[in-house]
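>>> make a model of this:
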Amino acid sequence: MTLTPPPTTETPDLRTLRGAALRAARNAAALSARDLADRINLRTSGSDITQHAIYAYESGKVLLSREMGVRVAQALSLHPGELLAGEPDFKQPTSPANASQAHSPEAARWLKLAQASLPVANVAARLLGTRMLGDSRIDGFLQVFHLLLTDLTAATTSPLTTVLDGPTGRDQANDAATAVLTACRDLNAATESALENLVQPNPSPVAAHKACSAAANALRSAADQLAECLIVANKAYGVAE
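Down below sits the predicted model:
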């Protein structure tokens, strides 16, 4: 005989609580409502769900049911308790904002995104460090800096960064990922500063040479710090080197 758990009492507070948890989990996975619906339909069995249903759950207009909560959790590799507040069978002490390991696939992709800027940063530092005295050409530099800033922008504006910036629970994985985000922002600041020094109008050859050398050192230092943070974070999230 299979025992059926008692139904959860539906209240406005519960609808709001589950809706907020669903929205947080979706944002942490960097998915639109349509993307999440497609993933649920593809990875789980049951009736198809639409993006409008996702919005209805998230807004609290409709209670995220036990069945749908389990399907969403399966699609996002979460524990159902992170979405189904009030379900006695799915008690989970952590929330989506705290469950860094639950989002490890998305976090792993973000760490790869952050790592993509390292080779370009090293090239930029090398170009600055080897700039000949009196060389005022900057076209080749600008292309490299544009690529570097593009990579860093992608890493620092990912939806996952809003989770890391928020009131997250403190654990090894969250701390390591937050350190990577800080290092990315530091590298971005060093890159913008180096670019400003590079495009100064009519600098003296000696001043330009000194500015490029200082910028090269700052870029190398920031890139080295990011590389060290990535090593720790990759281990915390089980990302293969």
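
>>> in the chain, what helix or strand scores lowest on average pLDDT?
Least confident helix or strand of the chain, by mean pLDDT, DSSP states H and E, is helix 160-165 with a mean of 70.

>>> what's the first helix or strand after that one?
Using DSSP states H and E, the helix or strand that follows helix 160-165 towards the C-terminus is helix 172-198.

>>> contact partners for Asn188?
Counting by CB atoms under 8 Å, 6 or more residues apart in numbering, Asn188 touches 149, 152-153, 156. C-betas here are computed from N, CA, C, even on glycine.

>>> those, buried ones only, as a ChimeraX selection?
The following ChimeraX line selects those of those that are buried, judged by 16 or more other CB atoms under 10 Å:
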select :149,152,156
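
>>> want to throw the contacts of Asn188 into a markdown table with secondary structure?
Output for the contacts of Asn188, formatted as a markdown table (DSSP: H, G, I helix; E, B strand; the rest coil):
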| residue | secondary structure |
| --- | --- |
| Leu149 | helix |
| Leu152 | helix |
| Thr153 | helix |
| Thr156 | helix |
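
>>> chain neighbours aside, what residue packs nearest to the most centrally placed residue in the chain?
By CA atoms, centre = their mean, the chain has its centre lying nearest to Leu160, at 3.2 Å. Leaving out its chain neighbours, the residue that sits closest to Leu160 by CB to CB, 6 or more residues apart in numbering is Trp110, at 4.9 Å.

>>> in this protein, which helix has the most residues?
In terms of residue count, the longest helix belonging to the chain (DSSP state H) is helix 205-236.

>>> and Leu128, how many residues sit next to it?
Counted with other CB atoms under 10 Å, residues neighbouring Leu128 total 24.

>>> so for it, what's the pLDDT?
What the model reports for Leu128 is a pLDDT of 84.

>>> could you give the backbone dihedrals for it?
phi -70, psi -40 (degrees, to the nearest 10).

>>> my guess is the residue nearest to Leu160 meets Thr156, correct?
No: in this structure, Trp110 is not within contact of Thr156 by CB atoms under 8 Å, at 10.4 Å.
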